[in-house]
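Visitor: Predicted structure and sequence below. I'll ask about it afterward.
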Amino acid sequence: MLADLFIMIQQHPWLPGLALLIGGGGAWIVSRCAYQIGLVDRPNERSSHATPTPKGGGIGILVAFILCGLALQIPLLFLISVSVLSLISLVGDRIEISPMFRLVAQFMAAFLSLYSLHYHGLFPLLKLWNDPTAVFFLSLVASVFIVGTANFYNFMDGINGIAGLTGIVAFLLLAIYGQAKGVPSQWTALCLCIVLSCIGFLPFNFPHAKVFMGDVGSVLLGFMFAMLVLINGESLTEVCLLTSFLFPFYADEMITMKERISKGMSLTTPHRRHLYQVLANEAGIAHWKVSTGYGVLQLICGTIFWGASKQGEAFFYITLAIATVLFLIANNKIKSLYLDET
């Protein structure tokens with residue numbers, strides 16, 4: 001499969017440079033014309049920035065995804081579904097879109113993408129069940145996972161560099177894993193193109209933000225991460241392993257959701273309770289340091305979880321549980337120091 005990847009890259013030697021150039025070019029264009037077209041993020045009670053900043057810079061990542069996907073012959077329905085959802089997210093960067101409309105669009109995109117994968121034999125978990133009811137239930141659960149991940153990624157995109165760095169680490173881990181496993185080389189190549197587009201975007205957002213990624217980029221990255229997990233995962237344990245490549249995002253978001261529910265807070269109202277927000281705001285740690293810390297933690301955790309999985313399922317789940325407990329302890333300790341809960 002490594003030879004297949006090299007052959008594919010040789011067939012499209014311009015793809016890596018294109019992804020890098022467009023990822024950065026989209027961010028540069030938006031940073032220059034955002035005020036003219038109304039793509040500006042104005043600070044509110046959830047914001048971790050103090051001045052209006054251009055947003056929607058992730059449009060370059062979307063364009064790179066579309067062009068690279070076409071060149072790599074990614075199933076067309078899959079490409080269209082993901083692209084339309086990302087364009088709706090871009091509209092959401094410009095004007096207010098109701099949460100219900102967003103959810104409906106996200107679930108439609110998830111169902112259509114899953115159908116496309118299943119039609120092309122690229123949804124391995126479905127091969128484990130022949131019963132139509134089980135297939136429908138699994139597809140529903142998969143859609144919730146995809147939509148949840150897309151929104152988690154969006155919610156976690158709140159400080160300079162965190163979404164871009166996380167995208168680089170997450171999709172690089174997926175690419176390496178897919179190549180080691182022998183996943184069709186087109187998907188590995190697409191992962192690498194996404195990595196390069198994030199690298200192109202990052203200088204415009206890190207260490208200081210000239211432009212934010214916006215929903216157009218963060219929803220796309222979260223959605224695609226979940227889809228690639230399902231393309232690679234042939235068992236529940238393997239899906240959990242691949243999901244753990246995004247461990248800091250999932251852990252931070254789910255712990256914060258639990259805290260807000262336990263305190264009777266609405267999940268739809270803006271907030272700044274994520275651990276990364278507390279570190280950047282209340283603790284006063286520079287954005288780039290927090291984002292880099294999350295990226296390093298993500299790389300370490302992903303590597304450890306992958307190694308643990310090779311020792312058996314039980315060892316993997318024990319390792320995952322220990323990491324979760326340690327993250328929870330750190331979360332509680334830091335928030336007890338900096339948040340006034342009275």
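Guide: Received the coordinates, thanks.
Visitor: Identify the residues contacting residue 119.
Guide: Neighbouring residues of residue 119 by C-beta atoms under 8 Å, 6 or more residues apart in numbering: 75, 77. C-beta here means a position set from N, CA and C on the backbone, and glycine is covered the same way.
Visitor: Check the gap between it and residue 156 for me.
Guide: According to C-beta to C-beta, to the nearest Å, residue 119 stands 32 Å off from residue 156.
Visitor: Run through the helices of the stretch 201-342 of the chain in chain order.
Guide: Counting by DSSP state H, counting those that start in this stretch, the stretch 201-342 of the chain has helices at residues 214-232, 236-243, 247-262, 275-280, 287-309, 313-338.
Visitor: most tightly surrounded among those?
Guide: For these, average neighbour numbers computed from mean count of other C-beta atoms under 10 Å are highest in helix 214-232, which has a mean of 27.
Visitor: so what's residue 291 up against?
Guide: Here residue 291 is in contact with 159, 160, 161, 162, 165, 206, 276 (C-beta under 8 Å, 6+ apart).
Visitor: ok, which pair from those is furthest apart?
Guide: 206 and 276 (13.9 Å; C-beta to C-beta).
Visitor: So, low pLDDT: which residues of the stretch 201-342 of the chain?
Guide: 268, 341-342 (pLDDT under 70).
Visitor: How about the spatially most central residue of the chain, nearest residue that isn't a chain neighbour?
Guide: In the chain, the residue lying closest to the centroid (C-alpha atoms, centre = their mean) is residue 222, at 2.8 Å. Of all residues not flanking residue 222 in the chain, residue 153 sits nearest, at 2.8 Å (C-beta to C-beta, 6 or more residues apart in numbering).
Visitor: residues making contact with the helix or strand hosting that neighbour?
Guide: Per DSSP states H and E: residue 153 is located in helix 132-156. Contacts to helix 132-156, defined as C-beta under 8 Å, 6+ apart, come from residues 103, 106-107, 110-111, 113-114, 118, 123, 125-126, 129, 162-163, 166, 215, 218-219, 221-223, 225-227, 230, 246, 249-250, 252-253, 274, 276.
Visitor: circling back to that earlier point, can you count the residues close to the residue nearest to residue 222?
Guide: 29 (other C-beta atoms under 10 Å).
Visitor: And the pLDDT for residue 59?
Guide: Here the pLDDT value assigned to residue 59 is 97.
Visitor: Does it touch residue 216 like I think?
Guide: Yes - the criterion here is C-beta atoms under 8 Å, and residue 59 meets it with residue 216 at 5.4 Å.
Visitor: Now do the shared contacts for the two.
Guide: Common neighbours of residue 59 and residue 216 (criterion: C-beta under 8 Å, 6+ apart): residue 90.
Visitor: Top of the contacts of residue 291 by number of neighbours, please.
Guide: residue 162 leads those on contacts (other C-beta under 10 Å) with 29 neighbours.
Visitor: who touches residue 166 in this structure?
Guide: Here residue 166 is in contact with 153, 156, 221, 246, 248, 249, 294, 295, 298 (criterion: C-beta under 8 Å, 6+ apart).
Visitor: Any figure for the gap between it and residue 205?
Guide: Residue 166 is 12 Å from residue 205, by C-beta to C-beta.
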